[in-house]
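> could you look at this predicted model? Sequence included:
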Amino acid sequence: MRRRELIALGSAVVWPRAALTREPGKIYRIGWLGPLTGVPAEFRDALREFGWIEGKTVVFEVRQAEGRREQLPDLATDLVRSNVDIIVAQAPAGIRAPKQATTTIPFVMAFWGGPDLVHSGIVASHARPGGNITGIQMLLFALNAKRLDLLHQAVPSARKIAVLVPDRAPGNEVQLPPVRHVARERGLELQIVDVRENGGYEGAFDAIVKIGAHALLVMDSPDFARDRKLIIELAARQRVPAMLFADGSAREGALIGYSVTRAELYRMTARFVEVILKGAKPADLPVEQPTKFVLGINLKTAKELGNTIPPALLAYAD
């Protein structure tokens, strides 16, 4: 598989050179804080690759909000009180919560997709975070802009693009300016479709058809990652070419998908956990950003939609 670089996102993490060792006989407690789900299998597998065996050298304390993000601060506080050795937190809301709950327990971001970490006050700098936080930043703004560009290449006749967002929350709104910039450069008309505003996915897709959208860009969101199969099904039913962000979206039926693989992201996360549990300080571990992404195109879907993918884009696909 060929993996394509999006942009130069910074140097890779410089891991500590000093010998790091785990404490003999200790079972380390990893706190997992997520807005939707528990510990992914990919993360467990990656930890096992590094020699951490669940039940023998590590155990998990899981707190998940099950979509109720307002519960994250209380869940983070509960994790801190449970005296875990490290916290792994997902999504901006989940990452802000432990930052407010503790300044001493190390925690790893998996993954920050909001505004710049420094401007948001999460870290002092990308190279030297300076506190008890480090991890992975996804740069969703650049990624979503790239996705719109690729969608336009896949469906060059499309002039009106629907952009699916879960709601008008600030975290979703801040992802839109780079997408709008690409739209202006390409002469595209964007129509923002809010799932919550339209009463759910069925209503949102009715709105997409009503506005006469020629294609659909699905913004990066934990909700959409969870519900992507339904989104793909509705896009097929309404015959709307769709670009999704989740790993494997094209394989599942979307016209096109552009993402880093989940396995790679969680391996990166596990590597941070590995060195921190062995004694490295988050303050000294630069924030890491994935640089290689997979482009998938579903030719069966393209045929069903009557869409011919340009040869140059096919050559670019993994």
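Yep, it's here. Numbering: from 1, shown residues only.
> what count of nearby residues applies to the residue nearest to Gly67 when sequence neighbours are not counted?
Counting by C-beta to C-beta, 6 or more residues apart in numbering, Gly67 lies nearest to Leu36, which is 5.9 Å off, once chain neighbours are set aside. (Glycine included, C-beta is placed from N, CA and C.) By other C-beta atoms under 10 Å, the residues close to Leu36 number 17.
> is Leu36 in a helix, a strand, or coil?
Put simply, Leu36 is coil when judged by DSSP: H, G, I helix; E, B strand; the rest coil.
> and it, backbone torsions?
Dihedral angles phi and psi of Leu36 (degrees, to the nearest 10) take the values phi -130, psi -60.
> against Ser125, how distant is it?
Relative to Ser125, Leu36 is positioned 30 Å away (C-beta to C-beta, to the nearest Å).
> next: Ala169.
For Ala169 relative to Ser125 (C-beta to C-beta), the value is 27 Å.
> more neighbours: which of these two?
Set side by side, Ala169 and Ser125 show more neighbours around Ala169, with 14 against 11, by other C-beta under 10 Å.
> can you tell me how far the more buried one is from Asp227?
Ala169 sits 16 Å away from Asp227, going by C-beta to C-beta.
> do the same with Gln153
In this structure, Gln153 lies at 26 Å from Asp227, with C-beta to C-beta as the measure.
> over to Ala207?
For Ala207, the distance to Asp227 equals 17 Å [C-beta to C-beta].
> surely the residue nearest to Gly67 touches Asp227?
No. Between Leu36 and Asp227 there is no contact, the gap being 10.3 Å when judged by C-beta atoms under 8 Å.
> low-confidence ranges, the stretch 51-200 of the chain, go.
Scanning the stretch 51-200 of the chain for pLDDT under 70 picks out 170-172.
> helices of that one, start to end?
Assigned helices in the stretch 51-200 of the chain, in chain order: 72-81, 91-101, 140-154, 170-173, 176-186 (criterion: DSSP state H, counting those that start in this stretch).
> put together CSV for those helices, with distance to Arg29 on each row.
Below are these laid out as CSV (distance: least, C-beta to C-beta, whole Å):
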stretch, distance to Arg29
helix 72-81, 10
helix 91-101, 14
helix 140-154, 31
helix 170-173, 30
helix 176-186, 39
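> for Val240, find the nearest of these.
Within those, the stretch nearest Val240 is helix 140-154; the backing value is 11.2 Å (C-beta to C-beta).
> what are the contacting residues of the closest one?
6-7, 113-114, 158, 161, 174-175, 177-179, 181-183, 186, 188, 215, 217, 219-220, 241, 243, 245, 255-256, 258, 293, 295, 297, 302, 307, 309-310, 312-313 (C-beta atoms under 8 Å, 6 or more residues apart in numbering).
> check contacts around Gly130.
Taking C-beta under 8 Å, 6+ apart as the contact definition, Gly130 lies against 123-124, 283.
> can we see that at 10 Å?
Gly130 makes contact with 123-124, 281-284, according to C-beta atoms under 10 Å, 6 or more residues apart in numbering.
> what's the answer for Val260, then?
Applying C-beta under 10 Å, 6+ apart, we find Val260 in contact with 3, 6, 111, 136, 138, 143, 245, 247, 268, 289-294.
> any idea which of those is closest to Val58?
For those, the residue nearest Val58 by C-beta to C-beta is Met268; the value is 17.6 Å.
> roughly how far apart are that closest one and His152?
30 Å.
> before we move on, back to that, compare the helices of the stretch 51-200 of the chain and give me the one nearest Val275.
In terms of C-beta to C-beta, the element of the helices of the stretch 51-200 of the chain nearest to Val275 is helix 91-101, at 18.8 Å.
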